[in-house]
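S.K.: Have a look; sequence and predicted model below, questions after that.
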Amino acid sequence: MFQTIVFAYDGSPECRDALKAGIELAGRLKARCHLLAVVPAPPAIALAAGPLPDSYLEHAQADIDKVLEEGLALLRQAGLDAVGSVKIWKEPAEAIGLFAREVGADVVVVGHHRRSAIDRWWHGSVGHSLLDRLPCSLFVSMPRAAANPSS
């Protein structure tokens, strides 16, 4: 059923939980795994001041590489083959949708990030935006703390 799984991964605790839940699913289904880190493109205002310093780009790349390696290590420890990819894109949901289509994903796994109503209104919801952009199913992992709101 789910032969190709894309994990949208940013290294956050919510994405780590989603990765662990998705690893269990991928292991049972012997699915091909793709770990995707989406890096927001610098805002136009930042670029208007001129090119970004090389040191900024080097640090950003090192941070991205660290996040990807962490996620790939978790997948490989579970005995899964995985490919890591980075997309620099203005809109994360659009990048995830395009990537899912590119690799023929059957399901995309994301972690839910709890945010205030104002923050969600201002920035939107990646998970909600994905519903209109994905060519496949969406698995949204809820943070473990959300499973028991009284704790």
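M.R.: Here it is on my side, so go on. Numbering: from 1, shown residues only.

S.K.: Let's test this: mean pLDDT of stretch 95-113, rounded?
M.R.: Mean pLDDT, computed over stretch 95-113, is 93.

S.K.: which of the residues in that stretch are buried?
M.R.: Of the residues in stretch 95-113, those buried by neighbour count under the rule 16 or more other Cβ atoms under 10 Å are 95-100, 103, 105-113. Bear in mind the C-beta positions are built from the backbone N, C-alpha and C, glycine included.

S.K.: Tell me which residues are up against stretch 99-111.
M.R.: For stretch 99-111, contacts defined as Cβ atoms under 8 Å, 6 or more residues apart in numbering pick out 1-8, 12-19, 21-22, 25, 31, 34, 36, 85, 87, 96, 126-127, 130, 134-141, 143.

S.K.: which of those residues are buried?
M.R.: Neighbour counting over these (16+ other Cβ under 10 Å) leaves 2, 4-8, 14-19, 21-22, 31, 34, 36, 87, 96, 126-127, 130, 134, 136, 138-141, 143 as the buried ones.

S.K.: Which ones among these map onto helices?
M.R.: For the buried ones among the contacts of stretch 99-111, the ones inside helices are 14, 15, 16, 17, 18, 19, 21, 22, 96, 126, 127, 130, with DSSP state H as the criterion.

S.K.: which ones are touching the last one?
M.R.: For residue 130, the contacting residues are 93, 96, 97, 108, 110, 138, by Cβ under 8 Å, 6+ apart.

S.K.: quick revisit: mind putting the ones in helices among the buried ones among the contacts of stretch 99-111 into JSON lines with distance to residue 74?
M.R.: Converted to JSON lines, these look like this (distance: Cβ to Cβ, whole Å):
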{"residue": "14", "distance to residue 74": "14"}
{"residue": "15", "distance to residue 74": "11"}
{"residue": "16", "distance to residue 74": "8"}
{"residue": "17", "distance to residue 74": "11"}
{"residue": "18", "distance to residue 74": "11"}
{"residue": "19", "distance to residue 74": "6"}
{"residue": "21", "distance to residue 74": "12"}
{"residue": "22", "distance to residue 74": "10"}
{"residue": "96", "distance to residue 74": "19"}
{"residue": "126", "distance to residue 74": "21"}
{"residue": "127", "distance to residue 74": "21"}
{"residue": "130", "distance to residue 74": "22"}
